[in-house]
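Participant: The following comprises the amino acid sequence and a computationally predicted model.
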Amino acid sequence: MYLLARRSLDFQVLVARNCEEALDMIQNEKPDAVVLDIQIPGISGIEVAKAVRANPDVAGTPIIAVTAYSMAGDKEKILAAGCDYYLSKPIDTRGFPRTIQSVLNGETPQMEFPPLL
């Protein structure tokens with residue numbers, strides 16, 4: 001899980017090793033966005049999203065779910081848990097920074113990217 005915090009024109013990336021650590025970091029650091037792997041150690045990423053949404057101090061933090069779950073209904077379940085965006089693995093690593101920048105700019109990011117050449 002990666003927590004993103006803007007610092008001037010650069011970004012500081014904070015890395016949590018498990019869900020419990022992530023929840024503590026989200027509460028204490030108040031990141032600008034959270035990139036949440038749904039399958040991380042500890043409680044599920046879905047539970048992390050629900051906990052963030054239930055915490056008034058950080059409830060508005062954008063959450064980008066990155067997951068290998070891509071079966072019918074998975075996207076809807078993840079978004080219903082409180083994630084703002086859903087990306088299925090594998091992700092386009094060249095397009096992903098555009099997604100992050102869009103989220104941090106308050107825009108709706110393009111979630112589907114053209115195939116790599």
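Facilitator: Nice, I can see it.
Participant: now the helices for the chain?
Facilitator: With DSSP state H as the criterion, the chain has helices at 19-29, 45-54, 74-80, 96-104.
Participant: What's the mean pLDDT across the third one?
Facilitator: Translated: helix 74-80. Mean pLDDT, helix 74-80: 92.
Participant: quick one on the thing from earlier: including distance to Tyr86 and mean neighbour count, could the helices of the chain go into JSON lines?
Facilitator: In this view, the C-beta of every residue, glycine as well, is placed from N, C-alpha and C. Shown next, in JSON lines, are the helices of the chain (distance: least, Cβ to Cβ, whole Å; neighbours: other Cβ atoms under 10 Å):
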{"stretch": "helix 19-29", "distance to Tyr86": "18", "mean neighbour count": "17"}
{"stretch": "helix 45-54", "distance to Tyr86": "11", "mean neighbour count": "19"}
{"stretch": "helix 74-80", "distance to Tyr86": "5", "mean neighbour count": "15"}
{"stretch": "helix 96-104", "distance to Tyr86": "11", "mean neighbour count": "16"}
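Participant: Now do the same for Val15: its pLDDT.
Facilitator: 89.
Participant: give me the number of residues near it?
Facilitator: 11 (other Cβ atoms under 10 Å).
Participant: Repeat that for Ser88.
Facilitator: Residues lying near Ser88 (other Cβ under 10 Å) number 16.
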